[in-house]
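> sharing a model that was predicted from the sequence below.
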Amino acid sequence: MVLVDDNADFLKQAAAFLGELAEAELVGVARSGPEALELLEQLEADLIAVDLVMPGMSGLELTSRLRTRHPELLVAVVSLHDGEEYRRAALEAGAAALVPKAVFVAVLPHLLRVASARRARAG
C-alpha cells in the first residue's frame, strides 16, 4: 500500500495503524502527487490512498493519472470533505471510493481485502 498526503500527522497515524495490520504492507509514502507518480515507477502496490486536497496536484488529478498509468491499482481518495459532490468527482476520476479521514482506519481493512482480491483475479 502507498499513502499520499501532504499532512505529516495523518501519514504518521495511518502508517502506525498499518503497522498493526498483519494483512497490510506499507511500501511507500509520498507528500505530493508528483512524488507519488515518481514513487510508483519504482515499486509495486495494490492499493493507494490519496488525499483529495493537496497543493500543486489535487488528489483527483493524481487519481486520473494513476488510472491511466497504473490501471491495476486500487485508488481510494481520502478526505476531510465528505459530500455527494466529492464522492461523484472521486468516482469520475477513477477512484474506487472516497473515504472520509474520520473513518479511514475502519474502512482500510475492507480496502485491503478488495485490493488483494483484485490482485488474485489478475493472476
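Arrived safely. Residues are numbered from 1 along each chain as shown.
> element containing the residue nearest to residue 113 when sequence neighbours are not counted, please.
Excluding the flanking residues, the one nearest residue 113 by Cβ to Cβ, 6 or more residues apart in numbering is residue 23, at 7.7 Å. For every residue, glycine as well, the C-beta is placed using N, CA and C. Taking DSSP states H and E as the definition, one finds residue 23 inside no helix or strand.
> number of nearby residues for residue 23?
Counted with other Cβ atoms under 10 Å, the neighbours of residue 23 add up to 11.
> quick one, what contacts it?
109, 112, 113, 116 (Cβ atoms under 8 Å, 6 or more residues apart in numbering).
> helix, strand, or coil at the second one?
When you say that, I think you mean residue 112. Here residue 112 takes the helix state, with states given by DSSP: H, G, I helix; E, B strand; the rest coil.
> surely it and residue 1 touch.
Yes - counting by Cβ atoms under 8 Å, residue 1 is a contact partner of residue 112 at 7.1 Å.
> of the two, give the one with the bigger neighbour count.
residue 1 (23 against 19).
> what about residue 53, which SS state?
Relying on three-state DSSP, one would call residue 53 coil.
> gap between residue 118 and residue 74?
The gap separating residue 118 from residue 74 is 6 Å, by Cβ to Cβ, to the nearest Å.
> if anything else comes up later, I'll come back, but that's it for now.
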